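Asks: sequence? don't have it. structure:
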Ligand SMILES: Cc1cc2nc3c(=O)[nH]c(=O)nc-3n(C[C@H](O)[C@H](O)[C@H](O)COP(=O)(O)OP(=O)(O)OC[C@H]3O[C@@H](n4cnc5c(N)ncnc54)[C@H](O)[C@@H]3O)c2cc1C
């Protein structure tokens, strides 16, 4: 069974964001790049699925510039068998990234495709769904449990629904699954894994190779802005009971919210 | 501005407020909109609320397969209707459902998508959508090129506004297509909870609550206010609160009228989920806690002392009015 994991390299969350002078993006010089944390859960779920089924291969796929190969090597060090890099320069939007990922999934004949429920840079939470639609596969997101049937034609998923509901979903395979935190605990790369990853040959495609040479982004980023600063508010004073009284008065009379 | 479509969301014949928020904004901008309502059963109230908020035309996409939310069924039904309508914009609320099915609609149109916008502006035949990125450390404005503008809008950031309008309502039989993934059972949460993303008031607790039991202090206060209870990730990771209560970049994104953060330091990832709240109150014993920089009102003190007093004071006030 071909297990595919779609991953994205994102700035570490501690990164200080600085907008470029033309306001078209952020400065990328000092960024520490990491694998999107939700995609780490996806990698782990891919590896666990292979272990449970006692067969199959895990292929990790990413779309991005040269630096993103690092994310693929990390995934191989964790245990992924193969890695595919769709090498692009410049910014691709969710649409074009999904097109590329879907083409790779077709080439690799993916039977189950895992990815994170969202990437923590643009928070679109859309890729799993786009890719699924482009492949005409079913999908589910915010998945915290995944069991594959013995004949590998179906999966039973547990999804976190609104208001704390727990949904049980049955899906035909192939399918695309967006995983949430809580589904597993990602393993660390092992030393032999790291050695293997260094030498691992990474399959590389361009958009042209995928038949997408004439495709363009469907969204245009106009400009980046810093959020409006919230003026630091009033710290109340006096003893605690007096502060509480004053707070309630302000909420009622000034802010008019209670 | 062409053919603009809003996909309204409803549950059990009640429209979600975010649909009215988007409609109100479209009306303010003078954008003529057709509103689609996927569902099954009596949609009379839904249609009425939509018309009262400026819907020119409401089209109920009716099918038994749309009674319960289903990703593929919603996307298929919406697309099969829209495919002959030459849409220039397709909009829905950035709810868990909206964020789930909208990319499929975009993919079917080979269109671009902006999820979780906090504002949008139509001008001429262009639309620009603004959305926060990098945990809200900045935001970007995005336009579309080629294909319809497909975007979702965060609940609770735009005000609703009743409009004196008359609109038409029609019903068409929808085509939910072939569905390969289905919810076969669903267990609601043990405790009846106000859904965080829809709450007007939220009171949240952090790691400092120290136990799941202690969250009761917040629940008591919430009950007095008709509020929902939220949590920081540190509190969730420690097992004090379930994951669906997590507020933040990787939990729920909320914009209530009032957000009360109790014993929460104000990490950037937490702020990402609540910084668009109208009024923020911080209760923290550390006067240097970053949360105070982002709050309208702050009390430096021990939450175990402050919150019960707050509950009492609110109760007292309530009994008077
Ligand atoms: C990829 C990623 C995603 C993340 N996503 C989220 C997210 O979605 N949501 C989220 O919340 N976090 C998220 N985080 C974690 C975030 O960085 C913080 O670690 C977390 O928000 C801290 O939670 P806290 O404020 O409860 O705990 P702490 O930072 O430990 O703060 C506790 C606060 O309580 C105060 N305090 C202690 N005792 C009392 C008392 N008795 N009375 C009053 N005040 C008291 C302290 O002064 C302190 O300010 C994410 C992190 C990463 C890396």
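Replies: Looks like it came in fine. Treat the numbers as computed from the prediction; the structure is a model and nothing was measured.

Asks: OK, contacts around the residue of the stretch 151-300 of chain B found nearest chain A?
Replies: Using CB to the nearest CB, the single residue of the stretch 151-300 of chain B nearest to chain A is residue B:189, 3.1 Å away. To be clear about C-beta, it is placed using only N, CA and C from the backbone, and glycine gets the same treatment. For residue B:189, the contact set (CB atoms under 8 Å, 6 or more residues apart in numbering or on different chains) comprises A:163-166, B:242, B:244.

Asks: and the longest helix anywhere in chain B, does that touch chain A?
Replies: Secondary structure assigned by DSSP state H gives helix B:303-320 as the longest helix of chain B. Yes - under the criterion of CB under 8 Å from any CB of the partner chain, chain A is reached by helix B:303-320 at B:305-306, B:309-310, B:313-314, B:317.

Asks: residue ranges of the strands in chain A, please?
Replies: For chain A, the strands defined by DSSP state E cover A:2-6, A:9-11, A:33-35, A:57-64, A:82-87, A:112-116, A:139-148, A:154-160, A:166-172, A:175-179, A:203-205, A:219-225, A:234-235.

Asks: who wins for neighbours among the contacts of residue B:189?
Replies: residue B:244 (22 neighbours; other CB atoms under 10 Å in any protein chain shown).

Asks: for that one, what are phi and psi?
Replies: phi -70, psi -10 (degrees, to the nearest 10).

Asks: quick one, what contacts it?
Replies: The neighbours of residue B:244, taking CB under 8 Å, 6+ apart as the test, are A:160, A:162-164, B:189, B:196, B:252.

Asks: quick check: it vs residue B:189, distance?
Replies: 7 Å (CB to CB, to the nearest Å).

Asks: and which of the contacts of residue B:189 is nearest to the ligand?
Replies: The shortest approach to the ligand among those belongs to residue B:244, at 12.0 Å (CB to the nearest ligand atom).

Asks: re the thing from before, need the strands of chain A in TSV with mean pLDDT and distance to the ligand, can you?
Replies: Formatted as TSV, the strands of chain A follow (pLDDT from 0 to 100; distance: least, CB to the nearest ligand atom, whole Å):
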stretch	mean pLDDT	distance to the ligand
strand A:2-6	98	18
strand A:9-11	97	9
strand A:33-35	97	9
strand A:57-64	98	18
strand A:82-87	98	23
strand A:112-116	98	11
strand A:139-148	97	13
strand A:154-160	96	14
strand A:166-172	97	20
strand A:175-179	98	14
strand A:203-205	98	29
strand A:219-225	96	21
strand A:234-235	90	14
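
Asks: quick revisit: could you look up the SS state of the residue of the stretch 151-300 of chain B closest to chain A?
Replies: Using DSSP: H, G, I helix; E, B strand; the rest coil, the secondary structure recorded for residue B:189 is coil.

Asks: how about residue B:260?
Replies: Judged by three-state DSSP, the three-state class of residue B:260 is strand.

Asks: ok, it touching residue B:203?
Replies: Yes - assessed by CB atoms under 8 Å, residue B:260 is found in contact with residue B:203 at 4.3 Å.

Asks: what do those two both touch?
Replies: B:221, B:227.

Asks: about what we covered before: give me the buried entries from the residues of helix B:303-320 next to chain A.
Replies: Buried members of those, counted by 16 or more other CB atoms under 10 Å in any protein chain shown: B:306, B:309-310, B:313-314, B:317.

Asks: re the thing from before, check the contacts of residue B:244 and tell me the two furthest apart.
Replies: B:189 and B:252 (13.9 Å; CB to CB).

Asks: residue 119: neighbour count?
Replies: Here I'm looking at chain A. Other residues near residue A:119 number 23, with proximity taken as other CB under 10 Å.

Asks: actually, chain B is the one I wanted.
Replies: When neighbours are counted by other CB under 10 Å, residue B:119 registers 15.

Asks: next up, the contacts around it.
Replies: The contact partners of residue B:119, by CB under 8 Å, 6+ apart, come to B:129-130, B:157-158.

Asks: lowest-confidence one in the residues you listed?
Replies: For these, the minimum pLDDT belongs to residue B:157; the value there is 92.

Asks: test my guess that that one contacts residue B:255.
Replies: Yes - between residue B:157 and residue B:255 there is a contact at 5.1 Å, judged by CB under 8 Å.

Asks: give me the common contacts of these two.
Replies: In contact with both residue B:157 and residue B:255: residue B:276, using CB under 8 Å, 6+ apart.

Asks: could you chop the chain up by domain?
Replies: In the absence of a named chain, this looks at chain A. Using automatic domain parsing, the domain parsing of chain A gives A:2-205, A:228-258.

Asks: let's do chain B instead
Replies: B:4-173, B:196-320.

Asks: how long is the last one end to end?
Replies: Pointing back at domain B:196-320 there. End-to-end distance for domain B:196-320: 28 Å, by CA to CA, to the nearest Å.

Asks: hmm, it in reach of the ligand?
Replies: Yes - Domain B:196-320 reaches the ligand (CB under 6 Å from any ligand atom) through B:206-208, B:232-235, B:246-251, B:263-265, B:267, B:269-270, B:273, B:283-286, B:289, B:302-304.

Asks: what strand or helix carries residue B:270?
Replies: helix B:268-274 (DSSP states H and E).

Asks: what's that helix packed up against?
Replies: For helix B:268-274, the elements it packs on are strand B:258-262, judged by 3 or more CB pairs under 8 Å, 6 or more residues apart in numbering or on different chains; DSSP states H and E.

Asks: picking that back up, just send the domains of chain A back as CSV, with distance to chain B too.
Replies: Below are the domains of chain A laid out as CSV (distance: least, CB to the nearest CB, whole Å):
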stretch, distance to chain B
domain A:2-205, 3
domain A:228-258, 4
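
Asks: comparing these, which gets the lowest mean pLDDT score?
Replies: Across these, domain A:228-258 gives the lowest mean pLDDT, at a mean of 91.

Asks: and that domain, how far out from the chain middle?
Replies: Centre-to-centre, domain A:228-258 and its host chain are 39 Å apart (CA atoms, centre = their mean, to the nearest Å).

Asks: which ones are touching residue 73?
Replies: Because you didn't say which chain, this covers chain A. A:83, A:197-198, A:200, A:202.

Asks: try chain B instead
Replies: Applying CB under 8 Å, 6+ apart, the residues near residue B:73 are B:38, B:63, B:65-66, B:176-177, B:179.

Asks: distance of residue B:235 from residue B:204?
Replies: 8 Å.

Asks: could you check which of the two has the larger neighbour count?
Replies: Taking other CB under 10 Å, residue B:235 and residue B:204 do not tie; residue B:204 has more neighbours (31 against 27).

Asks: buried sites along the longest helix seen in chain A?
Replies: Counting by DSSP H, the longest helix found in chain A is helix A:37-53. Buried positions in helix A:37-53, judged by neighbour count with 16+ other CB under 10 Å: A:37-50.

Asks: same question for stretch B:217-225.
Replies: B:217-222, B:224-225.

Asks: which one of these is nearest to the ligand?
Replies: residue B:217 (10.6 Å).

Asks: part of a helix, is the closest one?
Replies: Yes - the assignment for residue B:217 by three-state DSSP puts it in a helix.

Asks: name the nearest residue to it, sequence neighbours excluded.
Replies: residue B:307 (5.1 Å; CB to CB, 6 or more residues apart in numbering or on different chains).

Asks: okay but that neighbour is in contact with residue B:216, surely?
Replies: No - using CB under 8 Å as the test, residue B:307 is too far from residue B:216 to be in contact (10.4 Å).

Asks: ok, the two, which is more surrounded?
Replies: Ranked by neighbour count (other CB under 10 Å), residue B:307 and residue B:216 place residue B:307 first, with 25 against 12.

Asks: for that one, give me its contacts.
Replies: Residues in contact with residue B:307 (CB under 8 Å, 6+ apart) are B:217-218, B:221, B:262, B:283.
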